[in-house]
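Novice: no sequence on this one, just coordinates:
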């Protein structure tokens with residue numbers, strides 16, 4: 001049984017109306033696809049948030065709503081001569097004060113994809129622990 005959510009697909013569409021649409025596909029225990037989609041502003045910050053929200057939606061579907069995640073923020077920073085995408089998530093139902101932070105070192109090509117991967121990096125440890133604690 002896999003202990004990690006797997007990143008299967010990512011797509012970011014830039015729409016003619018100045019907005020963007022992200023689609024994230026994840027696989028996990030049952031090898032089914034769990035699709036998350038989100039729409040947001042077509043700016044760099046908007047695309048990062050959109051990608052992270054799509055990943056959070058896909059995660060919520062993968063865990064069948066047993067764990068709820070709230071995206072608090074996503075930011076791109078320049079460190080060590082590379083872009084680092086950092087996300088902050090809350091677990092509002094489990095422990096209102098608990099925060100999860102994930103990051104992903106991304107090439108300059110597609111930082112929005114890195115935002116989705118940063119969400120997985122923040123959540124995989126607790127999701128893996130929940131599976132093995134059952």
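Specialist: In hand now; what should we look at? Note that this is a predicted model, so its numbers are computed, not measured.

Novice: look up how far residue 55 lies from residue 9.
Specialist: Applying Cβ to Cβ, to the nearest Å, one obtains 11 Å for the distance of residue 9 from residue 55. (Each C-beta comes from the backbone N, C-alpha and C, glycine too.)

Novice: overlap in contacts of these two?
Specialist: residue 24 (Cβ atoms under 8 Å, 6 or more residues apart in numbering).

Novice: who has more neighbours, these two?
Specialist: residue 55 (31 against 12; other Cβ atoms under 10 Å).

Novice: check the offset of the helix ranked longest in the chain from the chain's centre.
Specialist: Determined from DSSP state H, the single longest helix within the chain is helix 111-133. Relative to the chain's own centre, helix 111-133 is displaced by 7 Å; criterion: Cα atoms, centre = their mean, to the nearest Å.

Novice: ditto for stretch 81-89
Specialist: With Cα atoms, centre = their mean, you get 12 Å for stretch 81-89.

Novice: what comes into contact with it?
Specialist: Counting by Cβ under 8 Å, 6+ apart, 48, 52, 56, 69-78, 99-108, 111, 114-115, 117-119, 122-123 sit against stretch 81-89.

Novice: show me these that map onto helices.
Specialist: The helices, defined by DSSP H, take in 48, 52, 56, 111, 114, 115, 117, 118, 119, 122, 123 from these.

Novice: check the gap between residue 54 and residue 29 for me.
Specialist: 20 Å.

Novice: who's more crowded, these two?
Specialist: With neighbours defined as other Cβ under 10 Å, residue 54 and residue 29 compare such that residue 54 has more, 28 against 13.

Novice: that one - that's part of a helix, no?
Specialist: Yes. In this structure, residue 54 lies within a helix as judged by DSSP: H, G, I helix; E, B strand; the rest coil.

Novice: please consider this matter closed, and thank you.
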